[in-house]
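Student: for reference, the sequence and a predicted model appear below.
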Amino acid sequence: MKSKLIIGKIKTLLKVQYSNMLEYRMEIALWAISGIIPFFMLNIWTTNNLNESINFSDIMLSRYFLCAFFVRQFSVVWVVFSFEEDSLLGKVSPYLIQPLNPFFRYFAQHLAEQITRFPFALIIAFFFFIFNPESLWIPNFTTLFLSTISTFLSFIIQFLIQSIIACLCFWIEKASSIEKLLFIPTLFLSGLLAPVASFPEYVKSWIYLTPFPYLIDFPANLLSGNETNISGGLSMQIMWILLLFPVFRKIWTEGTKKYTAMGS
Amino acid sequence: MNLRKYLKVYKKFLYTSLASELEYKTNLLIDLITAILSLIGSIFLLSIFFQNTGTIGGWKFEQALIIQGIYTILNGITNTWFNPNLTEIVKHIREGTLDFVLLKPIDSQFFISLKKINPSGFLEILLGFFLLSYCVWINQINLNFSFLTLSLITIICSICILYSLWFFISTTTIWFVKTWNATEVLRSFLYIGRFPLNSFSFSLRIFFSVFIPIAFITTIPSEVFLGISQLWKILLEVIVTFVFLSTSRRFWLFALKYYTSASS
């Protein structure tokens, strides 16, 4: 009985959010295009033959950046911006009355957006292969499966981090600036702009202790077929999730006590 | 007379938006840290590129730093003026409050592109100037009169082109209502302005000098700094600036004919 109710909730949430997202498909297409920075980086790497020194062949490097693009597409999180707006306008109040944590709503929103985005990402990949036909490859089923999981885990890590920041809205009104601050290390250290393998030694020595390389570098390497420590990477991702989730729970219960229903 | 009126109005704009932004003082501090980290990140990325090679696209590391400096200044200007105002334009059009702007006895383009100001961008502009003066020192550039005028002219032109691009996209809001993601596309394209144009492949170079003149925005001022810019390039930049400014102006007036107001 209870599980039926939960499944019903999940279905409705996803359905509502998916139809909502389809309304904005043009926007999402543009958003997908805005993720092409990895391709510009690839262009710098190959035009200047910078990859020779890091033992990445041209083909592997272009696959890496394509995969980085894909992983990024399916792990983009913006929950803090939605939550900040809702909380400033007082829209959170009706959500709080419902017997459902509002973050489920945002989570469904993100998932629905990813489903809408999928075809656009495929189109971009199609064009990528037209321009770089030599890098075309089809990953086998296990890699595809494992990298989908690790991309999803990366998405969950980022979702948790942002949700924690979003909960700070209960104390300070504009939490999105903290997110912008945190986005900088994510951008430069996650492997979106350069594979972590190319980083200098003094960075490599500590970077694997942070969550950043597991956000893009690890799933992208996995998907593109580069050598990676699969079990190590996956367990690090799960460890970060297990670490962040209680923090989120704690800050959420503390925050809702502080809630002042601004703007309503 | 007219100019004095506009100056007076602008002073009021400055006062009101500064007053409202200074409400969030901690935000300013966080934004400063963000700007510093972002600069460190891009220099880190640049240093990865130069790890095993002396030049990229014919630019040495110290020379490429000039581009970073100019990019930082321009990014600061974008964050101070263009970005907050663009957000307002989208809001005006979606909520139909553009009616009130159009009714005011003042030029609508002036009003909507200068109404708001976000002081945290100032810090970024300052950072950019620090980096530039450091570059002047390490590249042993001698500051004479012609150098100063030329660099001032090219940087002003870059600002104008950048403004036109932003304003052009904001204008399309009149038809598409939500242009958030179009600006994200522009942002990601502008990202390549951090690197010398010559470091990209030929086709991208053509794309970024003909369709979206990012080449003009950072590379030409940097070339002026190094004293390797040809006169025709500077003249071309001035011409492009005029074309962009007048086109964006005309486009705005054209778009206003299609403005149908909303929710009123």
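Tutor: It's in.

Student: give me the element B:Q63 is part of.
Tutor: For B:Q63, the host element (DSSP states H and E) is helix B:61-77.

Student: mind listing what's buried along that helix?
Tutor: Within helix B:61-77, the residues that count as buried by 16 or more other C-beta atoms under 10 Å in any protein chain shown are B:61, B:63-77. Placement of C-beta: from N, CA and C, glycine included.

Student: next, the buried residues of the helix or strand following that helix.
Tutor: Next in sequence after helix B:61-77, counting helices and strands by DSSP H and E, comes helix B:83-95. Across helix B:83-95, burial judged by 16+ other C-beta under 10 Å covers B:N83, B:P84, B:N85, B:L86, B:E88, B:I89, B:V90, B:H92, B:I93.

Student: low-confidence regions, the chain specifically.
Tutor: Unless you meant another one, I'm taking chain A. Within chain A, the stretches with pLDDT under 70 are A:1, A:262-264.

Student: that's the wrong chain, I meant chain B
Tutor: Those would be B:1, B:178-180, B:262-264, if you go by pLDDT under 70 across chain B.

Student: how about the residues of it by chain A?
Tutor: Chain B comes close to chain A at residues B:24, B:26-27, B:30-31, B:33-34, B:37-38, B:41-42, B:44-45, B:47-49, B:51-53, B:56-57, B:176, B:178, B:180-182, B:184-185, B:187-188, B:191-192, B:195, B:199-201, B:204, as judged by C-beta under 8 Å from any C-beta of the partner chain.

Student: now, those that are in helices?
Tutor: Among these, the ones falling in helices (DSSP state H) are B:26-27, B:30-31, B:33-34, B:37-38, B:41-42, B:44-45, B:47-49, B:176, B:180-182, B:184-185, B:187-188, B:204.

Student: gap between stretch A:172-185 and the chain center?
Tutor: 16 Å (C-alpha atoms, centre = their mean, to the nearest Å).

Student: who touches A:R72 in this structure?
Tutor: A:G35, A:P38, A:L192, A:I216 (C-beta atoms under 8 Å, 6 or more residues apart in numbering or on different chains).

Student: thinking again about what came up before, residues contacting the helix holding B:Q63, please?
Tutor: Contacts of helix B:61-77 (C-beta under 8 Å, 6+ apart): B:35, B:39, B:42-43, B:46-47, B:50, B:56, B:59, B:121-129, B:131-132, B:134-135, B:138-139, B:155, B:158-159, B:162, B:193-196, B:217-219, B:221-222, B:225-226.

Student: before we move on, what about stretch B:81-91?
Tutor: Contact partners of stretch B:81-91, identified using C-beta under 8 Å, 6+ apart, comprise B:17, B:97-98, B:112-118, B:121, B:162-163, B:166-167, B:169-170, B:173, B:177-180, B:183.

Student: ok, of the ones in helices among the residues of chain B next to chain A, which come out buried?
Tutor: B:27, B:30-31, B:34, B:37-38, B:41-42, B:44-45, B:48-49, B:181-182, B:184-185, B:187, B:204.

Student: what residues does the stretch 1-150 of chain A put near chain B?
Tutor: Contact residues, the stretch 1-150 of chain A versus chain B (C-beta under 8 Å from any C-beta): A:24, A:26-28, A:30-31, A:33-37, A:40, A:43-44, A:46-50, A:52-53.

Student: tell me the buried residues within those.
Tutor: Buried, going by 16+ other C-beta under 10 Å: A:24, A:27-28, A:30-31, A:33-37, A:40, A:43-44, A:46-48, A:50, out of those.

Student: so which of these are in helices?
Tutor: When DSSP H defines the helices, the subset of these inside them is A:E27, A:I28, A:L30, A:W31, A:I33, A:I37, A:F40, A:N43, A:I44, A:T46, A:T47.

Student: which of these lies closest to B:K104?
Tutor: For those, the residue nearest B:K104 by C-beta to C-beta is A:E27; the value is 30.4 Å.

Student: not counting sequence-adjacent ones, nearest residue to that closest one?
Tutor: Leaving aside its chain neighbours, A:E27 sits nearest to B:N181 (4.8 Å; criterion: C-beta to C-beta, 6 or more residues apart in numbering or on different chains).

Student: residues touching stretch B:200-219, excluding its own?
Tutor: For stretch B:200-219, the external contacting residues (C-beta under 8 Å, 6+ apart) are A:40, A:43-44, A:46-47, B:57, B:67, B:70-71, B:74, B:157-158, B:161-162, B:165, B:186, B:189-190, B:192-194, B:196-198, B:236-237, B:240, B:244.

Student: what's near enough to touch B:F189?
Tutor: Contacts for B:F189 were tallied using C-beta under 8 Å, 6+ apart; they are B:F208, B:I212, B:I214.

Student: quick check: it vs A:C67, distance?
Tutor: 22 Å (C-beta to C-beta, to the nearest Å).

Student: ok so, going back, so which of the contacts of A:R72 is surrounded by the most neighbours?
Tutor: Greatest neighbour count in those, by other C-beta atoms under 10 Å in any protein chain shown, goes to A:I216: 29 neighbours.

Student: look up phi and psi at that one.
Tutor: Note on A:I216: its backbone torsions stand at phi -130, psi -50 [degrees, to the nearest 10].

Student: what about it, distance to A:C67?
Tutor: 9 Å.

Student: again, but for A:P213
Tutor: 14 Å.

Student: which of these two has more neighbours?
Tutor: In terms of neighbours (other C-beta under 10 Å), A:C67 is the more surrounded of A:P213 and A:C67; the figures are 25 against 22.

Student: from what I see, the more buried one and A:L223 are in contact.
Tutor: Yes: in this structure, A:C67 is within contact of A:L223 by C-beta atoms under 8 Å, at 4.2 Å.

Student: overlap in contacts of these two?
Tutor: Common neighbours of A:C67 and A:L223, using C-beta under 8 Å, 6+ apart, are A:S147.

Student: hang on, the earlier thing: out of the contacts of B:F189, who's nearest B:T260?
Tutor: Of all the contacts of B:F189, B:I212 has the smallest distance to B:T260: 29.4 Å, by C-beta to C-beta.

Student: which strand or helix spans the closest one?
Tutor: According to DSSP H and E, B:I212 maps onto no helix or strand at all.

Student: likewise for A:I164?
Tutor: Judged by DSSP H and E, A:I164 forms part of helix A:141-167.

Student: please apply the same query to B:K5.
Tutor: Using DSSP H and E, B:K5 falls within helix B:2-21.

Student: around chain B, which positions in the stretch 151-264 of chain A sit nearby?
Tutor: A:172-174, A:177-178, A:180-181, A:184-185, A:187-188, A:193-194, A:198-200, A:203.

Student: where do the helices sit along the stretch 51-200 of chain A?
Tutor: Assigned by DSSP state H, counting those that start in this stretch, the helices in the stretch 51-200 of chain A fall at A:58-73, A:79-88, A:92-97, A:102-131, A:141-167, A:176-189.

Student: and the third one, what's buried?
Tutor: Put plainly, it is helix A:92-97. So for helix A:92-97, counting by 16+ other C-beta under 10 Å, buried means A:V92, A:S93, A:Y95.

Student: which ones are touching the first one?
Tutor: The reference is to A:V92. So A:V92 contacts A:F83, A:D86, A:P102, A:Y259, A:A261 (C-beta under 8 Å, 6+ apart).

Student: lovely, talk soon.
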